[in-house]
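Asker: fold the following, please.
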Amino acid sequence: MDFERRVMPFYMSYPEPYGTVKDDTVLSDLEYLHQTYPAEVRKYHRRIAEILDKMDYEGSMIYDEYPDRYTLWHLTENIVKIMRQEEEQQQLEVATSQEKWEWMENLVQVLLCDEVYKRRHGGKRRFEIF
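Answerer: Next up, the predicted model:
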């Protein structure tokens, strides 16, 4: 009767559907979690972001609907090569092992995908103080 017309359906009682999160909330959580990275990883993450700044333009491959796996892999190799050269210039007397750089390639690829995700969802590059 009159009671039935006043009852609100359960799905209308929540302002947003269950499980949906706004992108700005996700990005702020991601920024916070970036601050919890170990110091060396934060250094590499910042360097990757600086390199991606040069590729951050309209029509860039990082904004493709489905980025090509080979292109991401090739970009990862180039970033590792750049970082290896920079590190070798800074530490002339200390030779880094090949094993470290094989492991670093995996880390760089994960950080690269993380940064691409952030940029694709509206995250602007911010200059964080670590």
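Asker: ok, Pro67 - contacts?
Answerer: By C-beta atoms under 8 Å, 6 or more residues apart in numbering, Pro67 lies in contact with 61, 116. For glycine as for every other residue, the C-beta is placed from the backbone atoms N, C-alpha and C.
Asker: not counting its neighbours along the chain, what's nearest Leu30?
Answerer: In this structure, Leu30 finds its nearest non-sequential neighbour in Lys118, 6.1 Å apart by C-beta to C-beta, 6 or more residues apart in numbering.
Asker: these two touch, right, that neighbour and Leu27?
Answerer: Yes. Lys118 is within contact range of Leu27, at 6.5 Å (criterion: C-beta atoms under 8 Å).
Asker: which one of the two has more residues nearby?
Answerer: Lys118 (19 against 16; other C-beta atoms under 10 Å).
Asker: pull the helix or strand with minimum mean pLDDT from this structure.
Answerer: helix 2-6 (a mean of 59; mean pLDDT, DSSP states H and E).
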